[in-house]
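Participant: just a sequence and a predicted model for now, questions to come.
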Amino acid sequence: MSKITIAIDGYSSTGKSTIARQLAETLGYIYVDSGAMYRALTLYALRAELIQNDVLDKEKLIQSLPSIFLQFTFNPKKGYAEVYLNNKNVEGDIRKLEVSKYVSRVAEIPEVRRKLVAIQQEMGKNKGVVMDGRDIGTVVFPEADLKLFLTAAPDKRATRRYKELLERGDEVTFEEVLENVEFRDHIDSTRAVSPLKKAEDAIVIDNTDMGLKEQFERVLNIANRVINQKKKDA
Ligand code: DC
């Protein structure tokens, strides 16, 4: 078996999912966007009115966890799997700034992480998976064959995310987006449980001044090297 596990972590809006999708498609691997799962739970909390006046009712959310069903279904038109919350496709809704505002709060709840990490480990148990997130190389798959850690200057990341949101028709300002990117980086890196941090054996990719094509070629080369080594070792 020469299929490997690829863990991609890094700061918000560093293009983790773009690179993960490209890699999965090229290698014929499964792509899992773990952030989509935290976002879907946040959407649940918003819809169930567990977030009111900026306050999240953590206890109620924890109590609701057993009745929240998350699933990914491949969309052939888009070429990747979309996330479903209790059997409804929520891929569009989870990308809204409203969800981005609260997702780090939801993601710092230990019970939430326990539930989602277990699902993620199950999805990756047969290898041949590319998963992106914040704790994939450190907690979900500490034994991953290849770990990448993506970073880029905050204003560059906010500019990319801002354009994406505008293209989707969301009414946001650049300042709001930048503030959210910096806020999430802060919470994600300083939370008590599974904070965002580079795994010791992760390869850092700073894409502040790197084009998508160049980045993909570089990462694919690295992945192929690891896969070939694994074949030799087998
Ligand atoms: O990758 P993203 O920006 O869509 O993720 C949304 C949030 O979910 C992010 O701010 C932190 C949280 N997250 C996490 O805590 N652990 C992960 N493995 C993935 C995401």
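Facilitator: All right, it came through fine.
Participant: so the residue nearest to residue 91 when sequence neighbours are not counted, which state does it fall into?
Facilitator: Nearest non-adjacent residue to residue 91, counting by CB to CB, 6 or more residues apart in numbering: residue 82, 3.9 Å away. C-beta here means a position set from N, CA and C on the backbone, and glycine is covered the same way. With DSSP: H, G, I helix; E, B strand; the rest coil as the basis, residue 82 sits in strand.
Participant: residues from the protein in reach of the ligand?
Facilitator: Counting by CB under 6 Å from any ligand atom, the residues of the chain lying close to the ligand are 12, 34-35, 38-39, 103-104, 107, 133-136, 184, 188.
Participant: bridging residues for residue 70?
Facilitator: Applying DSSP bridges to residue 70 gives these bridge partners: residue 85.
Participant: that one: neighbour count?
Facilitator: 18 (other CB atoms under 10 Å).
Participant: same question, the one 5 residues further on
Facilitator: Burial measure for residue 75: 12 neighbouring residues, criterion other CB under 10 Å.
Participant: quick one, what contacts it?
Facilitator: Residues near residue 75 by CB atoms under 8 Å, 6 or more residues apart in numbering: 81, 82, 91.
Participant: I'd say the last one and residue 83 touch.
Facilitator: Yes: counting by CB atoms under 8 Å, residue 91 does reach residue 83; the two are 5.7 Å apart.
Participant: is it true that residue 182 touches residue 155?
Facilitator: No: contact criterion CB under 8 Å: residue 182 and residue 155 do not qualify, at 9.7 Å.
Participant: if you count surrounding residues, which of these two has more?
Facilitator: residue 182 (16 against 13).
Participant: ok, that one to the ligand distance?
Facilitator: According to CB to the nearest ligand atom, to the nearest Å, residue 182 stands 11 Å off from the ligand.
Participant: also residue 217?
Facilitator: 23 Å.
Participant: do you know how far residue 168 is from the ligand?
Facilitator: According to CB to the nearest ligand atom, residue 168 and the ligand sit 14 Å apart.
Participant: oh sorry, the question was meant for residue 128
Facilitator: Noted for residue 128: a distance of 19 Å to the ligand, by CB to the nearest ligand atom.
Participant: residue ranges with poor pLDDT in this structure?
Facilitator: 1 (pLDDT under 70).
Participant: what about residue 229, how many residues nearby?
Facilitator: With other CB under 10 Å as criterion, residue 229 counts 13.
Participant: for the residue nearest to residue 91, what are its contacts?
Facilitator: 72, 73, 74, 75, 89, 91.
Participant: so which residues of this protein form strands?
Facilitator: 5-10, 30-33, 51-52, 55-56, 70-75, 80-85, 88-89, 129-133, 146-151, 203-206 (DSSP state E).
Participant: now those as a markdown table including distance to residue 140?
Facilitator: Shown next, in a markdown table, are the strands of the chain (distance: least, CB to CB, whole Å):
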| stretch | distance to residue 140 |
| --- | --- |
| strand 5-10 | 7 |
| strand 30-33 | 9 |
| strand 51-52 | 26 |
| strand 55-56 | 23 |
| strand 70-75 | 15 |
| strand 80-85 | 17 |
| strand 88-89 | 24 |
| strand 129-133 | 7 |
| strand 146-151 | 11 |
| strand 203-206 | 17 |
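Participant: quick check: closest non-adjacent residue to residue 69.
Facilitator: Nearest non-adjacent residue to residue 69 (CB to CB, 6+ apart): residue 86, at 5.2 Å.
Participant: try residue 84
Facilitator: According to CB to CB, 6+ apart, the nearest residue to residue 84 is residue 71 (4.6 Å).
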